[in-house]
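1. Sequence first, predicted model second:
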Amino acid sequence: MSGEISYRDVESYLDGTVYLSIAAPRQVLQTGVSFARGSYWIEPIRPSVHLTGCDLEYLDDERVVGSYRPSLFVGILLAGEHTGFVDGHSIATSRIGVPTLLGVSDQVDIRSAQRPGQTCRMSGFHVGAEFLRELGEEAGLPGCETMLDSFADGFLWQEVEARTALRAHLLQLAENPYQGRLAQLYSESRVLSALVEVAGIFREQRRGMPQLSRSHREHAEHARLILDNQLADPPAVSELARIVGLNETSLRQAFKAAFGSTIIDYLRDRRLEVARVLVRERRLSIAEIGYRVGFSSPANFATAYRRRFGLAPSQDL
């Protein structure tokens with residue numbers, strides 16, 4: 001990693017505008033640190049609601065760091081891939097056309113994790129928690145309370161498949177055919193339509209999931225923390241259950257209800273997410289990275305990596 005720049009540097013470059021356009025062949029921010037070629041935008045359409053997106057080719061591997069305010073982001077990757085961390089959680093995706101949801105209930109740190117030559121074209125919108133509360137209390141939109149509850153514990157990251165209507169609203173938002181006031185009205189209508197779909201998703205998920213007591217959620221959170229801290233040599237599920245104070249069956253059920261994933265699937269995905277960051281930092285060999293995150297052999301690591309990300313570790317530098 002050759003350096004870091006902050007989102008304040010980007011804001012400084014914006015100089016009070018809401019659109020960043022970086023011209024070819026390369027543009028340098030006021031700090032003198034290279035950033036990217038392309039465009040990045042943040043457009044307010046009403047208080048606590050902002051359209052946002054980017055169409056970038058990264059020129060160097062400087063990391064952009066900053067903070068993320070309490071809000072829900074609803075977006076869709078249109079081309080390339082998006083890589084980064086929010087409050088230490090990976091939010092990497094290369095699944096083009098699959099809507100993604102990112103929610104945080106407190107101000108948290110963010111950090112990008114791009115590599116030179118990586119491209120990312122993404123579009124979506126941010127809504128503040130207060131706006132969601134207004135929709136639920138004043139407009140009476142069903143599911144808003146459930147939506148807020150879903151990331152009230154701090155962090156939510158979810159890729160939403162098989163949601164044709166939500167995908168359509170996000171694509172229409174990205175391809176707004178109007179200008180001026182009509183464009184703003186069109187954007188507002190697409191955002192509200194998308195939020196109705198998202199509220200419905202959370203409502204359905206809540207109905208289909210077993211109710212999780214506060215105690216069982218705390219046990220599940222404890223188990224996840226242990227796994228994150230011992231990726232290379234985690235305890236067996238039976239031992240993990242003993243450590244957190246649940247029987248094995250209860251822990252498996254609580255973990256799945258809390259995080260939407262089995263313990264084994266979570267461990268595998270988390271290992272690969274950490275491995276991908278290490279691969280792109282280019283400080284260790286591929287074999288060293290595989291062993292560091294807990295794979296028994298370079299061949300097993302390469303197979304799992306290719307299955308998860310669509311290419312071998314050596315091709316993802």
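-> Sure, I can see it. Numbers count the residues shown, from 1 in each chain.
2. Quick check: Ala232 touching Arg292?
-> Yes. If you go by Cβ atoms under 8 Å, Ala232 and Arg292 touch, sitting 6.1 Å apart. The way it works is simple: take the backbone N, C-alpha and C, and place the C-beta from them, glycine included.
3. Pick out whichever of these two has more residues nearby.
-> A side-by-side neighbour count of Ala232 and Arg292, using other Cβ atoms under 10 Å, places Arg292 first with 16 against 11.
4. wait, what's in contact with the more buried one?
-> 232, 275, 278, 284 (Cβ atoms under 8 Å, 6 or more residues apart in numbering).
5. want to try TSV for the residues you listed, with pLDDT and distance to Thr146 as columns?
-> Converted to TSV, the contacts of Arg292 look like this (pLDDT from 0 to 100; distance: Cβ to Cβ, whole Å):
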residue	pLDDT	distance to Thr146
Ala232	86	37
Ala275	86	34
Leu278	83	37
Leu284	87	42
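6. confidence score at the residue most central in space within the chain?
-> For the chain, the residue nearest the mean C-alpha position is Ile91 (3.2 Å; Cα atoms, centre = their mean). pLDDT recorded at Ile91 is 85.
7. How confident was the prediction at the nearest residue to Val293 once chain neighbours are set aside?
-> Residue nearest to Val293 in three dimensions, not counting chain neighbours: Arg271, with 4.3 Å by Cβ to Cβ, 6 or more residues apart in numbering. Listed pLDDT for Arg271 reads 87.
8. What count of nearby residues applies to Arg271?
-> Neighbours of Arg271 under the rule other Cβ under 10 Å: 23.
9. quick one: it and Gly294 touch, right?
-> Yes. With contacts counted by Cβ under 8 Å, Arg271 reaches Gly294, the gap being 5.5 Å.
10. between those two, what contacts are shared?
-> Leu231.
11. pLDDT weak spots in the stretch 51-200 of the chain?
-> 138-143, 153, 162 (pLDDT under 70).
12. That concludes my questions; thank you for your assistance.
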